[in-house]
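K.L.:
kindly generate the corresponding structure for this input.
(2 chains)
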Amino acid sequence: MKKLTFALLVMLIGLALIAGGCGGDGGTTDGGTTDGGEEAGGEEMVFRYNVGTEPETMDVHLSTGIPEATIMLQIYEGLTRLNEEGLPELALAESVDVSDDGLVYTFTLRDGLVWSNGEPLTAEDFEKSWKRALSPELAADYAYMLWYIKGAEAYNSGEGSADDVMVEALDEKTLQVTLEAPTSFFMSLVAFKTYYPLYQPAVEADPEGWHTSADTIVGNGPFKMVSWAQGQMEFVPNENYYDADAVILDRMIFTMVENESTELTMFETGEIDMTHTVPGQEIPRLEQTGELHILPYLGTYYYIFQIEKPPLDDINVRKALTLAIDREAIVENVTQGGQLPAYAYVPYGIPEPDGVDFREKGGDYFAPDVEEAQRLLAEAGYPGGEGFPSVEILYNTSEMHKMIAEAIQEMWKQNLGIENVTLTNQEWGVYLNTRDEGDFQIARAGWIGDYLDPYTFLDMWMTGSGNNNSRFSNEDYDNLLREVRMTDDDVARMEMMHQLEEILMEEMPICPIYYYTDPIMIKDYVKGYVNIAIGGKDFKAAYIEK
Amino acid sequence: MLGYLIRRLLSALFAIWVVITVTFIFMHLIPGGPFQTEKAIPEAIKENIEARYKLDQPLHFQYLDYLGNVVRGDLGPSYKYRGQTVNDIIAERFPVSLQLGLLTFIIAIVLGVGAGIIAALYQGRAPDYITMFFSTIGISVPSFILGTLLMYVFAFRLGLLPAAMWGTPQHIIMPAVALAGLPTAFIARLTRSSMLDVLNQDYMRTALAKGLPRLRMIWVHAVKNAIIPVITYSGPLLAAILTGSFIVENIFAVPGLGKHFVTSIYNRDYTVILGLTIFYSILLIGLNMFVDFAYTLVDPRIKLMGSKE
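P.N.:
Numbers count the residues shown, from 1 in each chain, chains lettered A, B, ... in the order given. Below you'll find the model as predicted:
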């Protein structure tokens, strides 16, 4: 009898396993050939990309991450869409009329726009969506991306009403927006996900959860999501997209593999066609394969000097430390991902109105110069590093940050004779907290641009800005920033931003180290994709050529 | 029996309450918060977010509010995965971990007990040395090494199995084997030593003297007695294995629950930390109770406390 009970128990466990294995959502992801009929005879053109992580949210207004930006770029579209150079091209908008003072934008939508479900898409969808993104109840992180619109900040801060937000659908096809101040990059901003329109009936039906399932996500982009389960998303072309003819792929599969080595194995076994990153230590080997691509990425890796803490309150110390770092050695021997040594703050990749890159025009603000560094250090009262107080480099726990900090520690010792540099690592959340509280001397940091304009790098060093962990405060800088915001002269604006950067590099509240890159693996047969330097990849016109 | 059950349930509830309270306190002691990002957000937006998630309320209020929701079975919204509730996350991911965990458990029990019995029966001879050799390796090789090795051989070199992802039976094999390595080895050693104890008992000699068939003697008299420590171990083992493993899930891109046990802490995703802790506690306490009942099934000498009739 007892034996029977025991056997029964084992059988029950077995049954549960089998039931679990067959039941539920196992079927949805495996429909590899269900749509094969479309391309009678021809082989289906499938593209597989590893987006690298489970999206935090698919609500375009709540999302802040870059993986999500890539996913959303395939299924949504704004008034404009960024091209390869990062410049906006008209997308849902057919034309735009800007008032002489640069404040009023009147967009005319294309004829016959529809959502992926066939319902008409109107200017009102934009108005409602933008007001939703701004509503204090939604509490979107990136709502401030819309603060350029008149009345937006007040409404979002709970001090105004939605009716006072100056975005208005004049008729089905016309959207009028009035800005707080002339904003030369507004045409790029409207390509950003926070400015995407949403299909209102779906949002109204389930305000919290509409974006958690492929069944309820209604988009307007080149593709539509057909399934999202078990760490994988599947897309097919959106036949209702106005430019559907430009879409070549038959199907796209996005996996969400986080482990970099696993991702690389999947690439090498042919399970995916493009990775989201590569393990740093593999780069030298992967360079030989010809499939490693080092794509541009609009970001800078730098150290922050907490300028209220001695000895970093002394500008000569800050300059000496900055000049004594061999950045070439760091990118060649430590990071090895094709990063560019940074001798200024704003990275490459931002074109000025005349088409020249902002960085190329601005040039380098300093060069590695050990002798000058030693002289400055002596001037600060520490000849040969003698008597230099102990300083600590803070970084968030990561092998790469540690190796960079160790290299810099060694360079300061070799070049300046500074012996007592210590390293401290903290877990991400703790590290952010320490930085915010200013409870550090030198901290590692990185900044990725939100939009293609130097302003996204420069405004954070305003006195009292939440991102200004250096506690830098300079009246000229603050005044210039204000002028940049108010002017509608694009050329003068860029000139002012060069001056801003000059002040920053003169005062050295930060020490630039390198400009980021985005090293990924791409199979040779993948063509036509667009990499967007502020994050995200556009597969609208991608195709496979085997 | 009923009294015993009620007492066990009450003490379980008390234990869960303690777990919630202690977790709540420790969680809020860690510096940082769920909505901290490298890019500082304007104060007004921060206030919106805190108001939305009631984080602007005093802590004791948040605590009581949370307890109230838990009693109603609502574990709250995730702060990091906006739009998803903790209940959603568990409902979506636990079935995956359950499948993988049960297969792992079956592999561990079948192979572990089998190997342990063989080793004990052939004590001091080749089969004993071979099984103990492998079980030493199984205990000392961590799952991520085993997993990486499996992937290298079966996916990269031989191309027999997909490297990672989930959804077909092929996907489950490597993570299950990687996870089963350690418990299999441990169970084999456990079974071997308790089998050896039993085999040296007088009643075994009696059975032998009586002329019982060897197989019957081993199965009915020896194994049933020797299995008790394995049952004890399988309660916590099941609870741990069913809630997923961060490392193995990460390597094989298994969309299970294990990831959230770790990342929720990095993210300061308070509701997810608490929700998963509660979920794990319930599972652990439940399985331990189940193990206690299982003893009485296997060994009639064991009586549950207070269940005198």
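
K.L.:
for chain B, what are the nearby residues on the stretch 351-500 of chain A?
P.N.:
Proximity of the stretch 351-500 of chain A to chain B is confined to A:427-430, A:432-434, A:436, A:445-447, A:450, A:465-467 under the rule Cβ under 8 Å from any Cβ of the partner chain. To be clear about C-beta, it is placed using only N, CA and C from the backbone, and glycine gets the same treatment.

K.L.:
so which of the residues you listed are in helices?
P.N.:
Filtering those for membership in helices, criterion DSSP state H, returns A:428-430, A:432-434, A:436.

K.L.:
same list (the residues you listed) but as CSV, adding distance to residue A:167 and pLDDT.
P.N.:
Formatted as CSV, those follow (distance: Cβ to Cβ, whole Å; pLDDT from 0 to 100):
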residue, distance to residue A:167, pLDDT
A:428, 36, 89
A:429, 36, 87
A:430, 40, 91
A:432, 33, 91
A:433, 36, 90
A:434, 40, 93
A:436, 33, 90
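
K.L.:
could I get these as TSV with distance to residue A:351 and neighbour count?
P.N.:
Listed next are those as TSV, based on distance: Cβ to Cβ, whole Å; neighbours: other Cβ atoms under 10 Å in any protein chain shown:
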residue	distance to residue A:351	neighbour count
A:428	33	16
A:429	37	19
A:430	39	17
A:432	32	20
A:433	37	18
A:434	37	19
A:436	34	15
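
K.L.:
from these, which is closest to residue B:255?
P.N.:
Of all those, residue B:255 sits closest to residue A:428, with 22.9 Å by Cβ to Cβ.

K.L.:
wait, that closest one touches residue A:434, no?
P.N.:
No - if you go by Cβ atoms under 8 Å, residue A:428 and residue A:434 don't touch, sitting 10.8 Å apart.

K.L.:
what's the helix or strand for residue A:511?
P.N.:
strand A:510-521 (DSSP states H and E).

K.L.:
now that strand, how far from the chain's geometric center?
P.N.:
In terms of Cα atoms, centre = their mean, to the nearest Å, the centre of strand A:510-521 is found 13 Å from the chain centre.

K.L.:
hang on, the earlier thing: now distance to residue B:269 too, for the ones in helices among the residues of the stretch 351-500 of chain A next to chain B, in CSV please.
P.N.:
Putting those into CSV (distance: Cβ to Cβ, whole Å) gives the following:
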residue, distance to residue B:269
A:428, 13
A:429, 11
A:430, 15
A:432, 15
A:433, 16
A:434, 20
A:436, 19
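
K.L.:
tell me which two of those sit farthest apart.
P.N.:
Top of the distance list for these (Cβ to Cβ): A:428 and A:436, 12.7 Å.

K.L.:
so what pLDDT did the closest residue to residue B:194 other than its chain neighbours get?
P.N.:
Residue nearest to residue B:194 in three dimensions, not counting chain neighbours: residue B:226, with 4.3 Å by Cβ to Cβ, 6 or more residues apart in numbering or on different chains. For residue B:226, the pLDDT comes out at 91.

K.L.:
cool, the one 10 residues further on as well?
P.N.:
For residue B:236, the model assigns a pLDDT of 90.

K.L.:
element containing the nearest residue to it once chain neighbours are set aside?
P.N.:
Counting by Cβ to Cβ, 6+ apart, residue B:236 lies nearest to residue B:284, which is 6.4 Å off, once chain neighbours are set aside. Assigned by DSSP H and E, residue B:284 falls within helix B:270-298.

K.L.:
buried set for that helix?
P.N.:
Within helix B:270-298, the residues that count as buried by 16 or more other Cβ atoms under 10 Å in any protein chain shown are B:270-285, B:287-289, B:291-292, B:294-295, B:298.

K.L.:
stretch B:154-172 too?
P.N.:
So for stretch B:154-172, counting by 16+ other Cβ under 10 Å, buried means B:154-155, B:161-167, B:171-172.

K.L.:
for the nearest residue in space to residue A:165 that is not next to it in sequence, the count of nearby residues, please.
P.N.:
What sits nearest to residue A:165 in space, not counting adjacent residues and going by Cβ to Cβ, 6+ apart, is residue A:151, at 4.4 Å. Around residue A:151 there are 19 other residues, counting by other Cβ atoms under 10 Å in any protein chain shown.

K.L.:
I'd say residue A:151 and residue A:164 touch.
P.N.:
Yes - using Cβ under 8 Å, residue A:151 is in contact with residue A:164, at 4.1 Å.

K.L.:
which residues do these two both contact?
P.N.:
The contact sets of residue A:151 and residue A:164 do not overlap (Cβ atoms under 8 Å, 6 or more residues apart in numbering or on different chains).

K.L.:
low-scoring stretches of the chain, by residue?
P.N.:
In the absence of a named chain, chain A is used. A:1-41 (pLDDT under 70).

K.L.:
sorry, should have said chain B
P.N.:
In chain B (pLDDT under 70), the answer is B:304-309.

K.L.:
ok, now with 90
P.N.:
Applying pLDDT under 90 to chain B flags residues B:1-5, B:31-33, B:35-42, B:82-83, B:203-221, B:224-225, B:244, B:292-309.

K.L.:
which parts of it are helices?
P.N.:
Using DSSP H, helices in chain B cover B:2-29, B:43-52, B:59-71, B:86-121, B:126-140, B:143-150, B:169-199, B:202-210, B:214-216, B:224-226, B:228-242, B:246-252, B:258-266, B:270-298.

K.L.:
in chain B, which residue is most central in space?
P.N.:
residue B:240 (1.4 Å; Cα atoms, centre = their mean).

K.L.:
look up how far residue B:108 lies from that one.
P.N.:
11 Å (Cβ to Cβ, to the nearest Å).
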